[in-house]
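[1] Predicted model follows, preceded by the sequence.
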Amino acid sequence: MELPHISSTTIALPAIFALLFFLYALFTIFSAHRKRLPPQPRGAWPVIGHLPLLSGKEPHHTALGKLADVYGPIFMLRLGAHRTLIVSGWEVARECLTVNDKAFASRPKFAAAQLLGYDYAMFALSPYGSHWSHLRKIATLELLANHRLEKLQHIPRSEVQISIEKLHQFCKSNNGGNKALMEMETWFGEMALNTIFRMVVGKRFTTAFEGSGGAEYRHALEDFFNLFTAFVPSDLFAFLKWFDFGGHKKAMKKTAKVLDKMLDKWLAEHRERRNSGEVTPEEQDFMHVMLSFIDNEEFPGYDADTVIKSTCLALILGGFHTTTTEMTWALSLLLNREEAYEKVQEELDEHVGRDRVVKESDLKILIYLQAVVKETLRMYPAAQLSVPHESTEDCTIAGYHIPAKTRLWVNLYKLQRDPSVWENPDQFCPERFLTTQKNFDVKGQNPQLIPFGAGRRICPAMIFALQVLHLSFARLLHEFEIRRPSEEPLDMEETAALNITKKVPLRVILTPRLSYEVCEFSSRV
C-alpha cells in the first residue's frame, strides 16, 4: 500500500506552532517568577501550605499578628490551594480597600456562604457582580437610608425603653429595689434581637412565636455564627467537596432550614397584608420595603423570595451580633477603668440631669460617651479579621504583584493597635479621641480605624448600629450604677472563634440611679 504524501509545509506548521506555544508558556512562567510577590512565612507544608501556622489554640488574629511582627504589614499565606493575602497595616489596607477596592470587591466562594447564605444570594456574602450591586443599592438607598431610619426611629427608642424598664423591675423585685446581680450579655442580646426584628419584620423576637419556637430560632441564629467560622476542608481543597468532615455541612443545612422556615412564614404574612391593603406607609418595615422594590423584579439565578429572605436574614444577623458584642465589651472595659466610668456618668448628669432619661437629641453632645464607643470599636471590632475579600484581577499592592483570585484578610485587631498610630494601643483610653485622634471616626474615612470596613464592601448598616449602640449604652449608664461583683478586674479573655466574643460571662451588680417613676413617665411622653 502506498503511503500518503505529506508535504514539508504540513510537517513544519504544527512544529512551528508547538515551538511558539512552548516559548510563550516558558515566557509566562519566567515573567510570573520575575514579578515581586509578598513575602511568605517559612514552614509551608506540601499540599496544605501554611495551615499548621493557624492550628494552635490562640485566636487567628493573634497568630497572624505575630507573623506580621516578623514579615511586615503585608504577607502571603498558602492555605490549601488558595493564596491568602494578610494585611495588618493601615497604609496597605487603604490600598486594598479604597485605591483598589474594585479589584478586591468580591467574596470567595465557601461552604457557609453557599449553605447558610442562600447559595450566595445574601448580598454580604455575594461575589462582586450585578446581583450584589443591585442589592447593595437597595440596602443603602432604601432600607438603611437616613429617611427610612428616621421613620423607624421610634422602634429602637421603644425597645431600649422596654429593656430598661425590665432592669428596673428586676432590681425592684430583688431586695426591695436595692442591688441585683445581672448577666448582661443575655440582656444586650434580647434587646438587640427585639430591635432588629421589629425593624425587619415588624415583630418583637420575644413575642413573635406565640409561645413556641423562639428558643429553636434563637439557637439557630447563634449556630449561624458558630458555623460560619467553622473549618470546612473543601473551602481550601475543592476536590474534597463531596465529603463532610466534622459534619459542619450537615449542620449548616439544618440551621439554614430552620431559619428559612421562620422567614417563609413572615414573608407569607407580609404578602397577605400587602394584598389586603392593610399596610400604611408608617408601618412599612424592611420586609415590606423589600416587597415593594423586588417582588416584581428578576434576579438571574434567584427568585424574589430568596432575595428578600436572604437580605432580611443578613440584616437580622448583623444587627444582633454587632450590638450584643460591642455593648458587652464596652461595659467590660469601662468597669475595669473606674475613672472612665465616672467620666461618662458625670457627662450624663451634666447634660441630661436625673429628672428625665436620655433622648436621641442628647447623643450629639455626649462627646465622652462617643469616645468610649469609638475606643471599644478600636480594641474589639465585631470581627477581628475582616470577612474575606477576593481579587477579581491582577493588581499591585505596596509594590507587590497580587494575582487575581487571591483571598484577602485584613487583621483589624493588629491594624487598630498599631503603636505608630495609637499610643499605648493595648490600653483602654477614650481620651485619645478627645485629643490626638479627635478627628477620627469609624465610618471608613480614616484607614487607621475601620471596624465596619471601608470601600465598596463597607457595612451598610453602620449608621443604624451606631445609633442603637449610643442610645442603649447612654440609657443604661445614666439610669443605673453598675459595679463589678468583686474587687478583682473583669476577666477579658476572648473566645478563639473568628467572631470574637467575651469568654467569661459579664455579670454585674445593678443599682438604679434614677427613680422608677422617671423611667415610667418617660415611656408615656
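    Here it is on my side, so go on.

[2] Distance check, residue 286 against residue 206.
    19 Å (CB to CB, to the nearest Å). In this view, the C-beta of every residue, glycine as well, is placed from N, C-alpha and C.

[3] Kindly report the same for residue 394.
    On the measure of CB to CB, residue 394 and residue 206 end up 51 Å apart.

[4] same check, this time on residue 197
    9 Å.

[5] who has more neighbours, those two?
    residue 197 (26 against 13; other CB atoms under 10 Å).

[6] list the contacts for that one?
    If a contact means CB atoms under 8 Å, 6 or more residues apart in numbering, then residue 197 has 203-205, 208, 316 as its contacts.

[7] so residue 323 touches residue 466, yeah?
    No. Taking contacts as CB atoms under 8 Å, residue 323 lies outside contact range of residue 466: 10.0 Å.

[8] out of the two, which sits in the more crowded spot?
    Neighbour totals were compared for residue 323 and residue 466, and residue 323 leads with 25 against 21 (other CB under 10 Å).

[9] check contacts around the residue lying closest to the more buried one once chain neighbours are set aside.
    In space, and not counting its chain neighbours, residue 323 is closest to residue 192: 3.9 Å by CB to CB, 6 or more residues apart in numbering. Listed by CB under 8 Å, 6+ apart, the contact set of residue 192 reads 319-320, 323-324, 468.

[10] Dump those to CSV, plus secondary structure, pLDDT and distance to residue 71.
    Putting those into CSV (DSSP: H, G, I helix; E, B strand; the rest coil; pLDDT from 0 to 100; distance: CB to CB, whole Å) gives the following:
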residue, secondary structure, pLDDT, distance to residue 71
319, helix, 89, 37
320, helix, 90, 36
323, helix, 91, 35
324, helix, 93, 34
468, helix, 94, 39
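
[11] Reformat these as JSON lines; add distance to residue 424.
    Converted to JSON lines, the contacts of residue 192 look like this (distance: CB to CB, whole Å):
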{"residue": "319", "distance to residue 424": "32"}
{"residue": "320", "distance to residue 424": "32"}
{"residue": "323", "distance to residue 424": "28"}
{"residue": "324", "distance to residue 424": "28"}
{"residue": "468", "distance to residue 424": "29"}
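
[12] which of those lies closest to residue 236?
    residue 320 (28.7 Å; CB to CB).

[13] now the residue nearest to residue 323: how far from residue 281?
    For residue 192 relative to residue 281 (CB to CB), the value is 26 Å.

[14] How about residue 118?
    29 Å.

[15] Over to residue 275?
    17 Å.

[16] cool, residue 206 as well?
    For residue 206 relative to residue 281 (CB to CB), the value is 27 Å.

[17] before we move on, what about residue 398?
    Distance from residue 398 to residue 281, by CB to CB: 50 Å.

[18] Neighbour count for those two, which is higher?
    The neighbour comparison of residue 398 against residue 281 (other CB under 10 Å) goes to residue 398, with 15 against 7.

[19] In this structure the more buried one contacts residue 92, no?
    Yes. Using CB under 8 Å, residue 398 is in contact with residue 92, at 5.0 Å.

[20] So for the two, which residues contact both of them?
    Common neighbours of residue 398 and residue 92 (CB under 8 Å, 6+ apart) are 73-74.

[21] Any stretches of the stretch 351-500 of the chain with poor pLDDT?
    Within the stretch 351-500 of the chain, the stretches with pLDDT under 70 are 496-499.

[22] Could I get the full set of strands for it?
    For the stretch 351-500 of the chain, the strands defined by DSSP state E, counting those that start in this stretch occupy 389-390, 395-397, 400-402, 407-410, 480-483.

[23] Mind putting these into a markdown table with distance to residue 421 and mean neighbour count?
    What follows is the strands of the stretch 351-500 of the chain, written out as a markdown table (distance: least, CB to CB, whole Å; neighbours: other CB atoms under 10 Å):
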| stretch | distance to residue 421 | mean neighbour count |
| --- | --- | --- |
| strand 389-390 | 22 | 24 |
| strand 395-397 | 19 | 18 |
| strand 400-402 | 22 | 19 |
| strand 407-410 | 15 | 24 |
| strand 480-483 | 31 | 17 |
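
[24] right, and the ones you listed - which one's nearest residue 460?
    strand 389-390 (15.9 Å).

[25] next one: that closest one to chain centre, how far?
    Taking CA atoms, centre = their mean, to the nearest Å, one finds the center of strand 389-390 at 15 Å from the center of the full chain.

[26] Would you mind listing the outside residues contacting it?
    With CB under 8 Å, 6+ apart as the criterion, strand 389-390 contacts 96, 104-108, 127, 405-408, 410, 457.

[27] same check, this time on stretch 432-448
    90-91, 93-94, 97-98, 367-368, 370-371, 374-375, 377, 415-416, 418, 421-423, 449-455, 458, 462-463, 466.

[28] how about a cut-off of 7 Å?
    Around stretch 432-448, the neighbours that count as contacts under CB atoms under 7 Å, 6 or more residues apart in numbering are 90, 93-94, 367, 371, 374-375, 377, 418, 421-423, 449-454, 458, 462.

[29] Now do the domain split for the chain, please.
    By the assignment in automatic domain parsing, the chain contains the domains 41-101+383-416, 102-382+417-524.

[30] Include distance to residue 35 when you put these into JSON lines, please.
    Below are the domains of the chain laid out as JSON lines (distance: least, CB to CB, whole Å):
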{"stretch": "domain 41-101+383-416", "distance to residue 35": "4"}
{"stretch": "domain 102-382+417-524", "distance to residue 35": "16"}
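
[31] mind checking which helix or strand residue 198 is in?
    Element membership for residue 198, per DSSP states H and E: helix 184-201.

[32] Now do that helix: distance to the chain's middle.
    16 Å.

[33] Tell me what angle the next helix or strand after that helix forms with helix 184-201.
    Sequence-wise, the next helix or strand downstream of helix 184-201 (DSSP H and E) is helix 214-228. If you take axes from the mean of the first three to the mean of the last three CA atoms, to 10 degrees, helix 214-228 sits at 100 degrees to helix 184-201.

[34] ok now helix 214-228, how far from the chain's centre?
    16 Å.

[35] before we move on, what about stretch 317-336?
    Counting by CA atoms, centre = their mean, stretch 317-336 is centred 13 Å from the centre of its parent chain.

[36] Assess the claim that residue 168 and residue 510 are in contact.
    No. Using CB atoms under 7 Å, residue 168 is not in contact with residue 510; the gap is 9.3 Å.

[37] so how many other residues sit close to residue 515?
    14.

[38] That should have said residue 70, apologies.
    Neighbour tally, residue 70, other CB under 10 Å: 10.

[39] so how far is residue 39 from it?
    9 Å.

[40] Likewise for residue 431?
    For residue 431 relative to residue 39 (CB to CB), the value is 37 Å.

[41] cool, residue 241 as well?
    Taking CB to CB, one finds residue 241 at 31 Å from residue 39.

[42] how about residue 209, what does it touch?
    So residue 209 contacts residue 217 (CB under 7 Å, 6+ apart).

[43] One more: residue 366?
    347-348, 351, 474.

[44] Would you mind reformatting those (as JSON lines) and adding columns for neighbour count while you're at it?
    What follows is the contacts of residue 366, written out as JSON lines (neighbours: other CB atoms under 10 Å):
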{"residue": "347", "neighbour count": "21"}
{"residue": "348", "neighbour count": "22"}
{"residue": "351", "neighbour count": "15"}
{"residue": "474", "neighbour count": "26"}
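
[45] tell me which residues in stretch 39-46 are buried?
    Neighbour-count burial for stretch 39-46, with 16 or more other CB atoms under 10 Å as criterion, is recorded at residue 44.

[46] CA atoms only for that stretch, dumped as CSV, please.
    In CSV, the C-alpha atoms belonging to stretch 39-46 read as follows (Å, rounded to 0.1, in the frame of the first residue of the first chain):
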residue,chain,number,x,y,z
PRO,A,39,6.9,37.6,51.5
GLN,A,40,5.7,34.2,52.6
PRO,A,41,6.5,32.7,56.1
ARG,A,42,8.7,29.7,56.2
GLY,A,43,7.4,26.3,57.0
ALA,A,44,4.8,25.8,54.3
TRP,A,45,3.9,22.1,54.0
PRO,A,46,3.2,20.3,50.8
